[in-house]
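# Predicted structure and sequence below. I'll ask about it afterward.
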Amino acid sequence: MSWTDERVELLRKLWTDGLSASQVAAELGPGITRNAVIGKIHRLGLAERAKTAAAPRPRAAKPPRQNQARMNGAPTHGNLALAFAPHALAAPRVAREEEVVIPISERVTLMELRESMCRWPMGDPTTPEFRFCGGKATVGGGPYCGYHARVAYQPAQDRRRARDQLRAQRYA
DNA sequence: CCCTGATTCGC
DNA sequence: GCGAATCAGG
């Protein structure tokens, strides 16, 4: 890997846009490390930048408990499938909602995805715009952030609650 | 631990 | 010029 004109140009753009060195490295592809990016930045004399741009990653605001996304009308069997391919089954309404709830700045590419990040897919996997949520995957080593875990498993929880309510009435 | 940029120095 | 290793810090 070498610093071609295109690479340098992209580096300039992304760095100026306020991306971190590791993020820029991820965008430039495998073979470019964050050290390489930092080194190049210094050699180019780009070390000082208006670091008020997107520098500190804004955390995602916690979704309000009230209007939670739920997947009414989603297939009722295959909870497992929902867990593995939520994007395939998610209702359009949910997709629109997460556009609002999850900040774009939090989304990550495959290269940026870490073990500790939410692996909820966002967008069309066949396009370069495809991203993962990238939030903190805190839930017991699970694949999702708190919000998306809730979204993914909501239908199962709903059905269980409905069933339990029915039983409670029957035996009352 | 997660991450950030800065610096050094052998290649 | 390049970037891994390392450092100092949030």
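Structure's in. What do you need?

# can I see the domain layout of chain A?
Annotated domains of chain A cover A:5-44, A:79-170 [automatic domain parsing].

# Which of those comes out lowest on mean pLDDT?
Least confidently modelled of the domains of chain A is domain A:79-170, at a mean of 66 by mean pLDDT.

# Helices along chain A, start to end?
A:5-16, A:21-28, A:34-44, A:79-84, A:86-89, A:92-101, A:146-170 (DSSP state H).

# counting contacts, what elements does the second one pack onto?
To tie it back to what came earlier, the one meant is helix A:21-28. With contacts taken as 3 or more CB pairs under 8 Å, 6 or more residues apart in numbering; DSSP states H and E, helix A:21-28 sits against helix A:5-16, helix A:34-44. Quick note: C-beta positions are derived from backbone N, CA and C, even for glycine.

# quick one: it near DNA strand B?
Yes. Using CB under 7 Å from any atom of the strand, helix A:21-28 reaches DNA strand B at A:21, A:22, A:23.

# Out of these, grab the one that's most surrounded.
Highest neighbour count within the residues of helix A:21-28 next to DNA strand B: residue A:23, with 21 neighbours (other CB atoms under 10 Å).

# Chain A against DNA strand C: which residues are in contact?
Counting by CB under 7 Å from any atom of the strand, chain A comes close to DNA strand C at A:1, A:2, A:3, A:32, A:33, A:35, A:36, A:38, A:39, A:40, A:43.

# Would you check that residue A:135 makes contact with residue A:117?
Yes. Checked against CB atoms under 8 Å, the pair residue A:135 and residue A:117 is within contact range at 6.9 Å.
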